[in-house]
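Here's my sequence, what's the structure:
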Amino acid sequence: MSIRAVVWDVDDTLFDYTTADREGMRSHLASEGLLDGYGTPEAALTLWREVTDQQWARFSAGELTWEEQRRDRVRVFLDRRMTDAEADDWFERYIGHYEAAWALFPDVLPVLDALAASHRHAVLSNSSIHVQDRKLRVLGVHDRFEAILCAAELGVSKPQAAAFLAACEALDLPPHQVAYVGDHPEIDGQGSADAGLLSVWIDRFGGTATVELPSGRHRIATLAELPAILGTDSRFGAPSTFG
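As a prediction, this is how the structure comes out:
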């Protein structure tokens, strides 16, 4: 049966999170007078990403609320005791710099236009509605999606099958009629495949080109390849880079 809908990840799939996070934190640390305190800017950015991943894992496991994981990111990164208000204020100052660097990847609007008439669209993100709803509005694509689902409100996160199935339920479609597109090979790629969706992993940075993909999973380097996988006639559909 044909694919009738595409469910999208947001960060590093539609939205260039890696660049925005790097440039936003670099600007923030400079404005706070902290950029030289970590040896090099690159070391500071690496530590920030490591702390973010650690605290996000705790949030995904149900150990922290959304607000608590943000506060603990700040406390661990700075290695400093802080009140909730102090941590919130520091994070909000960072957010100002981060948002100034927001941008879609250049292949996003062309593929959304190419698939607008043939497929329905939704979002499933391991974030919160508060964050992703506003982000998609600022980026000008919010109205492209019928539903926006996020882990913080669902109470379940990718790669758990229940998260992907919730997106299918929101579209009132069975999993085999839905494709999922995301940037993480396990969380997005394997998780959606295990839940019965057509799995499309976008490997934008080409870091693991030798990985063998199980049956039912596709790997692309650009969203221009997606229409061909979905069987859609489009000038944006290109043969898969990875086969």
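
would you list every one of the strands in the chain?
Ranges of strands within the chain are 5-8, 120-125, 147-150, 178-182, 198-202, 217-220, based on DSSP state E.

and Tyr17, which of the ones you listed is closest to it?
Closest approach to Tyr17 among the strands of the chain (C-beta to C-beta): strand 120-125, 10.6 Å. Backbone N, C-alpha and C define where each C-beta goes, glycine included.

Alpha carbons of the closest one, in PDB - could you do that?
Only the C-alpha atoms of strand 120-125 are listed here, as PDB (Å, rounded to 0.1, in the frame of the first residue of the first chain):
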ATOM      1  CA  ARG A 120      -0.100  14.700   4.400                       C
ATOM      2  CA  HIS A 121       2.500  16.000   6.900                       C
ATOM      3  CA  ALA A 122       3.100  15.900  10.600                       C
ATOM      4  CA  VAL A 123       5.900  16.400  13.100                       C
ATOM      5  CA  LEU A 124       7.100  14.100  15.900                       C
ATOM      6  CA  SER A 125       9.900  15.500  18.000                       C
END
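
which one's the longest helix in this structure?
Longest helix in the chain by number of residues (criterion: DSSP state H): helix 41-60.

quick one: buried residues of that one?
Residues 44-45, 47-48, 51-52, 55-56, 59-60 are the ones in helix 41-60 that count as buried (16 or more other C-beta atoms under 10 Å).

returning to that earlier point: dump the strands of the chain into JSON lines; add mean pLDDT, mean neighbour count and distance to Gln69 as well.
Listed next are the strands of the chain as JSON lines, based on pLDDT from 0 to 100; neighbours: other C-beta atoms under 10 Å; distance: least, C-beta to C-beta, whole Å:
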{"stretch": "strand 5-8", "mean pLDDT": "98", "mean neighbour count": "26", "distance to Gln69": "23"}
{"stretch": "strand 120-125", "mean pLDDT": "98", "mean neighbour count": "24", "distance to Gln69": "15"}
{"stretch": "strand 147-150", "mean pLDDT": "98", "mean neighbour count": "20", "distance to Gln69": "14"}
{"stretch": "strand 178-182", "mean pLDDT": "98", "mean neighbour count": "26", "distance to Gln69": "20"}
{"stretch": "strand 198-202", "mean pLDDT": "96", "mean neighbour count": "25", "distance to Gln69": "25"}
{"stretch": "strand 217-220", "mean pLDDT": "92", "mean neighbour count": "20", "distance to Gln69": "29"}
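
would you turn these into JSON lines with distance to Leu136?
Shown next, in JSON lines, are the strands of the chain (distance: least, C-beta to C-beta, whole Å):
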{"stretch": "strand 5-8", "distance to Leu136": "10"}
{"stretch": "strand 120-125", "distance to Leu136": "7"}
{"stretch": "strand 147-150", "distance to Leu136": "7"}
{"stretch": "strand 178-182", "distance to Leu136": "15"}
{"stretch": "strand 198-202", "distance to Leu136": "18"}
{"stretch": "strand 217-220", "distance to Leu136": "22"}
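
Out of these, which gets nearest to Pro159?
Closest approach to Pro159 among the strands of the chain (C-beta to C-beta): strand 178-182, 9.8 Å.
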